[in-house]
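Novice: Need the 3D shape of this:
(2 chains)
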There are 2 protein chains.
Amino acid sequence: MTITVVGSIAFDGLETPSGVRERIAGGAAFHFAQAASFYTDVRVVGPVGDDFSDEDMALLATRGTNTDDVERIAGGKTFFWKGKYHDDLNTRDTITTELNVFETFDPKLSDASKASEVLFLANIVPGLQRAVRAQCEAAKWVALDSMDLWIDIMRADLVAAIGEVDCLILNDGELQQLTGARTTYAAAQAIFGWEKAPSAIIAKLGSYGATLYTNDGGGFTVPVFPLENVVDPTGAGDTFAGGVVGYVAARLAKDPGLKVDRDVLAAALIHGTATASHNVEAFGAEKLADLPGSEVQARVDRLVELTRSPDATIELRA
Amino acid sequence: MTITVVGSIAFDGLETPSGVRERIAGGAAFHFAQAASFYTDVRVVGPVGDDFSDEDMALLATRGTNTDDVERIAGGKTFFWKGKYHDDLNTRDTITTELNVFETFDPKLSDASKASEVLFLANIVPGLQRAVRAQCEAAKWVALDSMDLWIDIMRADLVAAIGEVDCLILNDGELQQLTGARTTYAAAQAIFGWEKAPSAIIAKLGSYGATLYTNDGGGFTVPVFPLENVVDPTGAGDTFAGGVVGYVAARLAKDPGLKVDRDVLAAALIHGTATASHNVEAFGAEKLADLPGSEVQARVDRLVELTRSPDATIELRA
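Specialist: Prediction:
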């Protein structure tokens, strides 16, 4: 079962306590594909400039990812973002944002990309997410990411876009910003109450992991994978989404009639966390590009052990 | 199986977005006992002044908690803390700290309190925690809490105190401060590497729940209980500890030879989270004092459902 992902392909300039990279390939669709390609075929839709080299494209095509719909804009430059992380890695300063070819991005999907049964709408203008969603009539399961900027300036469009997907993936702070709710749980309940709403919401909690909410009252939380050190958190959220959506697609491939419910998504959170944990141990996609699937599996196994349910039965006093 | 808890009994002045309380009973030992008393007999050791009324003492004695070792200092005043929470409830400003009788607290344990098989050393001067620990030779399982102040000014004493208990309970930030480690997992590993170390460490993650680490590589994470609103987080950590230690004591009561391992403590985290979730829905101990055990059980059941392990099996690409 093929996943189509629509989103940014970028060069990132990165400074973290572990080092500096002047310019390496990144972007939401890029990181997503690096992770999702462990699970299934991926087709990437996004724009690059003349400066995106064959080597960069080969990296994007890791594990067979299809780049036919990567649009190379003649005379254009690839989206460039430069940021510096603080010592705790939880906060960062943006030093440069050059949208370049991403500024006028108008996704053009081939028939093959439109035919994918799973779709991931990475963070782009909500109106474009809706346009892509409308073109992908074959999509059985669709997830969407966004950012604070669109909540601020295009909230109505974003709400409409969210109402057309199965699963919303946002940071916990963004969920609260979107709804005005005081807890992430309350934010999820508010969204489930919208006239049109997704059936699942995944809150990314940064260094605290991720939490799932489903509209039938279900939920699950996966802690961050236990690491001694983090080198570069850039792209962790998109790598996580790649593991989540990749796992769902792999499950749907085995059972096309599968209901993507709490149990499926709970397992997906484990896979997303495992892939993201590898991503943050190196700059950009340096680690995921050559990573054997067995190393993702080892971390899935560890997370399965760390989330194994105990028997909590005891008699309480009245 | 009886628990002895040694720690502060206080009056708190509280201002949160939900309201104001000028002066209500609180303190670490107080909140701990409110929670632990759902599970087993509790004996409280701590100092109060003349201003601690019979009504306050009756509240401390909820669900049969024994207050024989609550020392009333004639002419003294009870420890008073006043704080104001910011809108997000994750940060607070201390407005007043009057140690009063707590400043010269020298715990005096009756033979009955020394004979308890479970001991909780709430946050007091590390040297006093050690002195209490030494007096409780019968204790089979001991947990300890502390705070940033002692890490700053009495680190060696605190390290020694931690080395003499079975379970350390600290905030994640305090664990990193204590060890200089960059992740909470790395902090736990550093402590397990000490010459004398506890076999379990519980990191309190504030609004993100709590994570367990055991020295045999085990772990477990419980998310915060899903609430629409939080009224007053004061005492949440001590209430959590009360549920954790209370559950362990109840399990030991059923099976005195029980090894308090990852599975026991994972379940204990669920109980601690359930009790703490009730505590934060009202000021001070206003909710826990009259709360039926069935309402704690209902939240335990919900957390058991939210932490139920999924099957995450899938075949990854090589």
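Novice: Tell me who's in contact with the residue of the stretch 51-200 of chain A found nearest chain B.
Specialist: Relative to chain B, the nearest point of the stretch 51-200 of chain A is A:Tyr185 (3.7 Å; C-beta to the nearest C-beta). C-beta here means a position set from N, CA and C on the backbone, and glycine is covered the same way. Contact partners of A:Tyr185, counting by C-beta atoms under 8 Å, 6 or more residues apart in numbering or on different chains, are A:213, B:226-228.
Novice: okay if I get those as CSV plus pLDDT and distance to B:Gln177?
Specialist: Listed next are these as CSV, based on pLDDT from 0 to 100; distance: C-beta to C-beta, whole Å:
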residue, pLDDT, distance to B:Gln177
A:Tyr213, 98, 32
B:Pro226, 96, 29
B:Leu227, 93, 28
B:Glu228, 88, 32
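Novice: Which one (most neighbours) among those residues?
Specialist: In terms of neighbours by other C-beta atoms under 10 Å in any protein chain shown, the contacts of A:Tyr185 top out with A:Tyr213 at 28 neighbours.
Novice: element containing the residue nearest to that residue when sequence neighbours are not counted?
Specialist: Leaving aside its sequence neighbours, A:Tyr213 sits nearest to A:Ala188 (C-beta to C-beta, 6 or more residues apart in numbering or on different chains; 4.0 Å). Assigned by DSSP states H and E, A:Ala188 falls within helix A:184-192.
Novice: Would you tell me which residues of the stretch 51-200 of chain A are close to chain B?
Specialist: Within the stretch 51-200 of chain A, the residues that sit near chain B (C-beta under 8 Å from any C-beta of the partner chain) are A:63, A:89, A:181-183, A:185-186, A:189.
Novice: what number of residues lie near A:Asp255?
Specialist: By the criterion of other C-beta under 10 Å, A:Asp255 has 9 neighbours.
Novice: if I look at it, how far off is chain B?
Specialist: To chain B, A:Asp255 is 12 Å away according to C-beta to the nearest C-beta, to the nearest Å.
Novice: Same question for A:Ala203.
Specialist: Distance, A:Ala203 to chain B, using C-beta to the nearest C-beta: 10 Å.
Novice: In which helix or strand does A:Ala203 reside?
Specialist: Under the criterion of DSSP H and E, A:Ala203 resides in strand A:200-204.
Novice: Now for A:Ala236: which residues touch it?
Specialist: So A:Ala236 contacts A:276, A:279-280 (C-beta under 8 Å, 6+ apart).
Novice: swap that for A:Ala112, please
Specialist: Per C-beta under 8 Å, 6+ apart, neighbours of A:Ala112: A:43, A:66, A:68-69.
Novice: If any of these are buried, put those into a ChimeraX selection.
Specialist: Of the contacts of A:Ala112, the buried ones go into a single ChimeraX selection, burial set by 16 or more other C-beta atoms under 10 Å in any protein chain shown:
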select /A:43,66,69
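Novice: now stretch A:168-185: mean pLDDT?
Specialist: Mean pLDDT, computed over stretch A:168-185, is 96.
Novice: An error on my part: the question was meant for stretch A:272-279.
Specialist: Per-residue scores along stretch A:272-279 average to 98.
Novice: Pull the distance from it to the chain's centre.
Specialist: 11 Å (C-alpha atoms, centre = their mean, to the nearest Å).
Novice: which residues make contact with that stretch from outside it?
Specialist: In contact with stretch A:272-279 (C-beta under 8 Å, 6+ apart) are residues A:31, A:34-35, A:38, A:209-210, A:222-225, A:227, A:235-237, A:239-244, A:246-247, A:285, A:287-288, A:291, A:295-297, A:299-300, A:303.
Novice: Return the subset of those residues lying in helices.
Specialist: Among those, the residues falling in helices (DSSP state H) are A:31, A:34-35, A:236-237, A:239-244, A:246-247, A:295-297, A:299-300, A:303.
Novice: buried subset of the residues you listed?
Specialist: With burial judged by 16+ other C-beta under 10 Å, the buried subset of the ones in helices among the contacts of stretch A:272-279 is A:31, A:34-35, A:236-237, A:239-244, A:246-247, A:296-297, A:299-300, A:303.
Novice: related to what we said a few turns ago, same list, the contacts of A:Ala112, but as JSON lines with distance to B:Glu98 please.
Specialist: What follows is these, written out as JSON lines (distance: C-beta to C-beta, whole Å):
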{"residue": "A:Arg43", "distance to B:Glu98": "66"}
{"residue": "A:Asn66", "distance to B:Glu98": "68"}
{"residue": "A:Asp68", "distance to B:Glu98": "71"}
{"residue": "A:Asp69", "distance to B:Glu98": "68"}
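Novice: List just the nearest of the contacts of A:Ala112 to B:Arg133.
Specialist: Nearest to B:Arg133 among the contacts of A:Ala112 is A:Arg43, at 62.1 Å by C-beta to C-beta.
Novice: Could I get the pLDDT score of A:Asp93?
Specialist: A:Asp93 is given a pLDDT of 93.
Novice: And for it, nearest residue in space, chain neighbours not counted?
Specialist: Closest residue in space to A:Asp93, ignoring its immediate chain neighbours: A:Lys84 at 5.2 Å, by C-beta to C-beta, 6+ apart.
Novice: isn't the one you found right next to A:Ile95, touching?
Specialist: Yes: at 5.9 Å, A:Lys84 counts as touching A:Ile95 under the criterion of C-beta atoms under 8 Å.
Novice: what's the nearest residue to A:Glu295 if we skip its chain neighbours?
Specialist: Leaving out its chain neighbours, the residue that sits closest to A:Glu295 by C-beta to C-beta, 6+ apart is A:His278, at 6.8 Å.
Novice: three-state assignment of that neighbour?
Specialist: Of the three states, A:His278 takes helix according to DSSP: H, G, I helix; E, B strand; the rest coil.
Novice: Okay, angle between the strand holding A:Ala203 and helix A:184-192 too, please.
Specialist: Going by axes from the mean of the first three to the mean of the last three C-alpha atoms, to 10 degrees, strand A:200-204 is angled at 150 degrees with respect to helix A:184-192.
Novice: Sticking with the residue nearest to A:Asp93, tell me its helix or strand.
Specialist: Element membership of A:Lys84 [criterion: DSSP H and E] is strand A:79-85.
Novice: Tell me how far the next helix-or-strand element following that strand lies from the chain's centre.
Specialist: Next helix or strand after strand A:79-85 toward the C-terminus (DSSP H and E): strand A:92-98. Strand A:92-98 has its C-alpha centroid displaced from the chain centroid by 20 Å (C-alpha atoms, centre = their mean).
Novice: so what does strand A:92-98 touch, helix or strand wise?
Specialist: Applying 3 or more C-beta pairs under 8 Å, 6 or more residues apart in numbering or on different chains; DSSP states H and E, we find strand A:92-98 packed against strand A:79-85.
Novice: how about 10 Å then?
Specialist: If contacts are counted by 3 or more C-beta pairs under 10 Å, 6 or more residues apart in numbering or on different chains; DSSP states H and E, strand A:92-98 sits against strand A:10-16, strand A:79-85.
Novice: Would you format the ones you listed as a markdown table with mean pLDDT, mean neighbour count and distance to A:Lys254 included?
Specialist: Shown next, in a markdown table, are the helices and strands packed on strand A:92-98 (pLDDT from 0 to 100; neighbours: other C-beta atoms under 10 Å in any protein chain shown; distance: least, C-beta to C-beta, whole Å):
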| stretch | mean pLDDT | mean neighbour count | distance to A:Lys254 |
| --- | --- | --- | --- |
| strand A:10-16 | 96 | 23 | 33 |
| strand A:79-85 | 96 | 19 | 36 |
